[in-house]
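> Build the 3D model from these lines:
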Amino acid sequence: MQILMIEDEPRVADFVRRGLRPEGWMVEVAPNAEDGLERLKSATYDIVLLDVMLPGMSGDEMCRHLRRIRNDVPILMLSALGSTDDRVKGLRTGADDYLPKPFEFDELVARIDALHRRRAGMLEPAEAGAICVGPLRYDTGSMRIYCNEVELDLSAKEMAVLVVLMKNAGRVLARERLLNSVWGLEADPLTNVVDVTISRIRRKLPRAADMITTIRNYGYRLDARDEG
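Residues are numbered from 1 along each chain as shown. Just a heads-up that it's a prediction; the model follows:
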């Protein structure tokens with residue numbers, strides 16, 4: 001998937017680009033609307049991530065311009081302006097979705113996935129009350145994780161990492177994806193906090209080594225194996 005991100009804050013752009021790369025998504029960054037429009041003339045993108053508060057032409061103005069010239073590329077607006085009025089304004093200018101900053105990385109990924117499915121004419125799956133992977137069950141209402149119906153004693157970060165793995169069971173997740181999803185924008189990309197947290201989860205989850213597989217020099221995968 002080719003994504004164009006129009007964002008004038010290099011730190012935010014780098015955060016998103018690093019996080020989406022392991023998903024197999026190529027992200028080009030334009031620092032302003034004018035540059036973004038030039039790129040859209042010469043290349044085709046699956047999704048545009050559009051900051052609202054840009055130097056020169058605003059994101060709202062750019063969105064209106066694209067719809068006026070009948071460019072129907074899916075647009076996800078990102079903005080520090082998160083009031084209902086701001087969201088309504090963004091959607092009325094032609095955006096397909098609107099995500100206030102600061103945002104959770106997993107929500108960004110989910111919204112990008114949803115836009116891509118919508119573009120391909122696919123229906124979004126219904127929300128479930130629980131996520132189950134083998135003997136593990138995450139109750140989305142109470143935000144608790146159980147193993148063989150016994151509640152696990154996890155810290156907030158340990159739970160967040162395990163939930164991301166459960167939501168992506170069977171998929172290999174890069175350390176960068178886990179780092180961005182749980183620790184966010186301020187995380188040091190060179191830290192080993194993901195590996196330390198996985199180690200702690202393994203100690204707290206009976207026979208977890210049979211469920212969490214380490215992918216050398218890349219990341220981790222959670223498999224649905226029955227612990228008996």
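
> low pLDDT regions in the protein?
82, 119-128, 185-187, 207-209, 225-228 (pLDDT under 70).

> Show the residue spans covered by the strands in it.
For the chain, strands defined by DSSP state E occupy the ranges 2-6, 26-30, 47-51, 75-79, 97-100, 130-133, 136-139, 144-147, 150-151, 173-174, 212-215, 219-222.

> now what about the second one, what contacts it?
Spelled out, that is strand 26-30. Strand 26-30 is contacted from outside by 1-7, 13, 16-17, 20-21, 36, 38-39, 43, 45, using Cβ atoms under 8 Å, 6 or more residues apart in numbering. From N, CA and C alone the C-beta is placed, and that goes for glycine too.

> What pairs with it, parallel or antiparallel?
Looking at strand 26-30 with DSSP bridges, its paired strands and their directions are strand 2-6 (parallel).

> just the buried members of the contacts of strand 26-30?
Burial of the contacts of strand 26-30 was assessed by neighbour count (16 or more other Cβ atoms under 10 Å); the buried members are 3-7, 13, 16-17, 20, 36, 45.

> Farthest pair within these?
The distance between the two most remote of the buried ones among the contacts of strand 26-30 (Cβ to Cβ) is 17.1 Å, for L20 and G36.

> and the protein, what are its domains?
Residue ranges of the domains in the chain are recorded as 2-119, 130-222, according to automatic domain parsing.

> just to revisit the earlier point, out of the contacts of strand 26-30, list just those in helices.
Under the assignment DSSP state H, the contacts of strand 26-30 contribute 13, 16-17, 20, 36, 38-39 to helices.

> D72 is in contact with A95, correct?
No. Look at A95 against D72 with Cβ atoms under 8 Å: they stay out of range, at 11.9 Å.

> out of the two, which sits in the more crowded spot?
Relative neighbour count places A95 above the other of A95 and D72, with 26 against 10, counting by other Cβ atoms under 10 Å.

> residue contacts, that one?
Contact analysis of A95 by Cβ under 8 Å, 6+ apart lists 50, 63, 75-77.

> can we see that at 7 Å?
Neighbour list for A95: 63, 75, 77 [criterion: Cβ atoms under 7 Å, 6 or more residues apart in numbering].

> Give me the distance between it and E38.
Distance, A95 to E38, by Cβ to Cβ, to the nearest Å: 20 Å.

> Counting by contacts, list what the helix ranked longest in the chain packs against.
Ranked by number of residues, the top helix in the chain under DSSP H is helix 105-119. Contact partners of helix 105-119 among helices and strands, from 3 or more Cβ pairs under 7 Å, 6 or more residues apart in numbering; DSSP states H and E: strand 47-51, strand 75-79, strand 97-100, helix 175-183.
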